[in-house]
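Student: what's the 3D shape of this:
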Amino acid sequence: MTPIKKQKLINDCIRQYVDNKYKIIPNTIRLNINNTINHEVAKMIVAFNLMKQKKEIYTEVRLKGGGIADIFIPEDFAIVEILASETAEQLAEKIKKYPWGLNVDSLNADEVIREVKI
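Tutor: Below you'll find the model as predicted:
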């Protein structure tokens, strides 16, 4: 895919799914003090790895419908949710607020952190 076509895909996805009342900045890791430190560290690791793959990512994105995604990858029409203190049931409730058409993947924060080799 050409860079122009890729950017058009990203822009179209953002227009379709992101609540435009809130500013989003590409490839910036936003922290949320309401999350655990493990959640935030795991989010940073996943976001960093996606950026290394040349993916344009957005974190703490407010979506149309009221949901807030941990990591939004518009070119893949995907969301990555990091689970630290959240249960699978809480995640299922959260996903109900997301607009239809997005793929949602969840990762366990402790497992993400454990896999990092520093």
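
Student: what sits against the residue nearest to residue 6 when sequence neighbours are not counted?
Tutor: Nearest non-adjacent residue to residue 6, counting by C-beta to C-beta, 6 or more residues apart in numbering: residue 75, 6.1 Å away. Glycine gets a C-beta too; all of them are placed from N, C-alpha and C. Residue 75 makes contact with 6, 9-10, 13, 55-56 under the criterion C-beta atoms under 8 Å, 6 or more residues apart in numbering.

Student: do the same with residue 13
Tutor: Counting by C-beta under 8 Å, 6+ apart, residue 13 makes contact with 74-75, 77.

Student: which SS class is it?
Tutor: helix (DSSP: H, G, I helix; E, B strand; the rest coil).

Student: measure it to residue 40 for me?
Tutor: 25 Å (C-beta to C-beta, to the nearest Å).

Student: could you tell me the end-to-end distance of stretch 88-101?
Tutor: The first and last residues of stretch 88-101 sit 20 Å apart, counting by C-alpha to C-alpha, to the nearest Å.

Student: quick one: residues contacting residue 58.
Tutor: Neighbour list for residue 58: 18, 24-26, 28, 69, 71-72, 74 [criterion: C-beta under 8 Å, 6+ apart].
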